[in-house]
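Participant: show me how the following folds:
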Amino acid sequence: MVGRYLAAMSAAAMLVFGASTAAAQLYSYETPSGEVLITSERHPEYKLLEVLSEGPSARPQPRPSSASSRATPSTAQPTADPQLSRAREDARRGLPGSFNAREAYFDDLIEEAALAYDLPFGFIKAVIRVESAFQPHVVSHAGAMGLMQLMPRTAESLGVSNAFDARQNVFGGAKFLRILIERYDGDINLILAAYNAGDVAVRRYDGIPYPQTREYVASVYYWYQVYSAQAETP
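Facilitator: Numbers count the residues shown, from 1 in each chain. Have a look, this model is predicted:
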């Protein structure tokens, strides 16, 4: 099953990604209000915390840009809900500080979810990288939460009671990807576009709806290739 979808994904993706030459990195900034802003755009007015795209270099150049999740940058926004605040603090506790350490921190969990939902390990990991930079406590401007940036209603529909719990979030996100794979017959462009921009937008535009979504799809596909190549290396 996985092999069949891999073939379908790769063939479909190459049609789009062959022309993609955009190059950018993902940056983490601290804003004056203390929020953490993750974006592919430079913000010299903010304090730079980390360059998040420094990772595997199986294919050094050109590198597609790392799009922000849900068409808006992910941020560690403060929340007034004490229960959510505690859940986010729990998710942050013990998390490696550097991006390179976080990149491998959830590999065992990702492998479990990949097996459970018959998905490529590298595909899930690529989604997590672009969505949250492996930070289980982040919340986007749109309200998407955790490693795979699940929207509250989506999380609820997937049976995720705590989106900041890494296990619940990754298994919920993998389940959602499996649903989208079945819905779009393995077309990675539409699968990722629906994951990022929503099913309604994909259907309304009959394809990838927005330039930012195209950038997102290209970025995830790039890292999917990188992580898949790494997984095959003895």
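Participant: which ones are touching Ser161?
Facilitator: Contacts of Ser161 were listed using Cβ atoms under 8 Å, 6 or more residues apart in numbering, and they are Gln168. Any C-beta I mention is one placed from the backbone N, CA and C, and that applies to glycine too.
Participant: hmm, I was thinking of Tyr227
Facilitator: 56, 121-122, 125-126.
Participant: mind pulling up the pLDDT for Phe134?
Facilitator: Confidence per residue is given as pLDDT, and for Phe134 that number is 95.
Participant: number of residues surrounding it?
Facilitator: Here the number of neighbours of Phe134 (other Cβ atoms under 10 Å) works out to 24.
Participant: quick check: it vs Ala142, distance?
Facilitator: 20 Å (Cβ to Cβ, to the nearest Å).
Participant: same question for Leu190.
Facilitator: Relative to Ala142, Leu190 is positioned 20 Å away (criterion: Cβ to Cβ).
Participant: the two: which is more packed in?
Facilitator: Each of Leu190 and Ala142 has its neighbours counted (other Cβ under 10 Å); Leu190 has more, 22 against 12.
Participant: pretty sure Val139 contacts Met151?
Facilitator: No: in this structure, Val139 is not within contact of Met151 by Cβ atoms under 8 Å, at 10.6 Å.
Participant: joint contacts of the two?
Facilitator: Met145.
Participant: looking at the two now, which is surrounded by more residues?
Facilitator: Neighbours of Val139 and Met151, each counted by other Cβ under 10 Å, are more numerous for Val139; the result is 22 against 17.
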